[in-house]
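below: sequence and its predicted model.
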Amino acid sequence: MKPWIKPLLIGAIALGLAACSKQGPDSNAASDTASSGEPTIGLAVSTQNNPFFVTLRQAAEAEAKAQGIKLIAVDAQDDAAKQISSIEDLIQKKVSVILINPTDSDALANAVREANNAKIPVISIDRAVNGGEVVAHIASDNVEGGRMAAKFLLDQIKHQGKVIELEGIPGSSAARERGQGFGEGIKDAKDVQVVAKQPADFDRAKGLTVTENILQGNKDVKGLFAQNDEMALGALQAIQAAGLKDVVVVGFDATSDAIAAVKAGTLAATVQQKPDLMGKMAVDTAKQIIDGKQVPKSIPVPLNLVTKDNAQ
């Protein structure tokens, strides 16, 4: 072989190998994307620091897997700005449907409009969005749940005495609607006085501290309604630490910790939503939309009042 041919052959082989190595991953990636044919939906959850929404996400993930759907879940950590950014990222990923459990019903309106402009259908879960177009809203009747809590509490305190109400995150539809229902339920109880009505942001630690502060001037309180179980469980800690007995505490959501407290007799009752059913229904509804089917604008999830008599 002539001395100048050998370097040329080596160079040609090297170029050929380089071309093969470049082509392999790119062509495989394209092939994987094309062959998967897997629809993708986004789930923007308000927080994963609350057992209710953890259950909702887990149920959605299980149903998505069963349906052969890829699900991308993002946690806003109760931060509206973070949730908006996450939804914008889901829009950039061109998901087929976006499921939103909003941190703030008003603040998320523009994010929904962005999804609308991108032609991505939006489904709201548990809490409504005040703006933009949502193709379906999956939730329990929070107003009716508030009324259920009020009726039970009034019966337990015999329609007389001082009552505390712990509110959820200001601006969320759940806080507004549950508060509305509770207010409607107790408005005609003339011998009942709501001595405090303060937000504790659906948070157990805040439920504890807010209740501690309120109890300093209200040792004779007879009842407390918390707009979710986390606040109710925090309030129970404050009530027990203050040495108060026979204070009727009612929560909302029926989380596993709350049901355990009901069975133990410390929490009087909790209004049961069904986060697992919500998560499943949300994915089912998204699948119907992906398949080109019409879905109801409002999809109700049944409520139940859990007391010691029926706790399971």
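Sure thing, it's come through.

so what's V248 up against?
For V248, the contacting residues are L153, Q156, I157, K222, G223, L224, A268, by Cβ atoms under 8 Å, 6 or more residues apart in numbering. For every residue, glycine as well, the C-beta is placed using N, CA and C.

what bridges to it?
Taking DSSP bridges, one finds G223 as the beta-bridge partners of V248.

which pLDDT value goes with it?
At V248 the predicted local confidence, pLDDT, stands at 98.

Q83 versus that one, what's the distance?
When distances are taken as Cβ to Cβ, to the nearest Å, V248 and Q83 turn out to be 35 Å apart.

any idea where the helices of the chain begin and end?
Using DSSP state H, the helices of the chain run over residues 5-36, 51-67, 80-92, 109-117, 142-156, 173-186, 204-215, 229-241, 256-264, 275-290.

redo those as a markdown table? Include mean neighbour count.
Putting those into a markdown table (neighbours: other Cβ atoms under 10 Å) gives the following:
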| stretch | mean neighbour count |
| --- | --- |
| helix 5-36 | 10 |
| helix 51-67 | 19 |
| helix 80-92 | 18 |
| helix 109-117 | 18 |
| helix 142-156 | 21 |
| helix 173-186 | 22 |
| helix 204-215 | 20 |
| helix 229-241 | 23 |
| helix 256-264 | 17 |
| helix 275-290 | 22 |
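
export these to CSV and tack on mean pLDDT and distance to E133?
Below are those laid out as CSV (pLDDT from 0 to 100; distance: least, Cβ to Cβ, whole Å):
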stretch, mean pLDDT, distance to E133
helix 5-36, 36, 29
helix 51-67, 96, 22
helix 80-92, 97, 14
helix 109-117, 98, 5
helix 142-156, 97, 22
helix 173-186, 96, 16
helix 204-215, 98, 34
helix 229-241, 98, 31
helix 256-264, 96, 35
helix 275-290, 97, 13
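
of all these, which one is nearest V134?
Taking Cβ to Cβ as the measure, the helices of the chain were each checked against V134, and helix 109-117 came out nearest at 6.5 Å.

name the nearest residue to the residue nearest in space to the middle of the chain, ignoring sequence neighbours.
Among the residues of the chain, F53 comes closest to the average C-alpha position under Cα atoms, centre = their mean, at 4.2 Å. Across the structure, with Cβ to Cβ, 6 or more residues apart in numbering as the measure, the residue nearest F53 apart from its sequence neighbours is V45 (5.2 Å).

can you check A258 too?
For A258, the spatially nearest residue (Cβ to Cβ, 6+ apart) is D229, at 3.7 Å.

that neighbour and L236: what is the separation?
10 Å.

any shared contact partners between those two?
With Cβ under 8 Å, 6+ apart as the test, D229 and L236 both reach L267.

and the residue nearest to the centre of the chain, what does it touch?
Counted by Cβ under 8 Å, 6+ apart, F53 has contacts V45, S46, T47, N101, P275.

look up how far I259 lies from it.
Remark: distance between F53 and I259 (Cβ to Cβ) = 17 Å.

what are the phi and psi values at Q273?
Taking degrees, to the nearest 10, you get phi -90, psi -160 for the backbone angles of Q273.

find me the pLDDT at it, would you?
As predicted, Q273 sits at a pLDDT of 88.

A107 and G171 touch, don't they?
Yes - A107 is within contact range of G171, at 7.0 Å (criterion: Cβ atoms under 8 Å).

so what pLDDT did V295 get?
Listed pLDDT for V295 reads 97.

just checking, it touches K287?
No - the criterion here is Cβ under 8 Å, and V295 misses it with K287 at 9.9 Å.

which residues do those two both contact?
Shared contacts of V295 and K287, counting by Cβ under 8 Å, 6+ apart, come down to nothing at all.

any idea how far S298 lies from T285?
S298 sits at a distance of 11 Å from T285 (criterion: Cβ to Cβ).

residue contacts, G68?
Contacts of G68 (Cβ under 8 Å, 6+ apart): E38.
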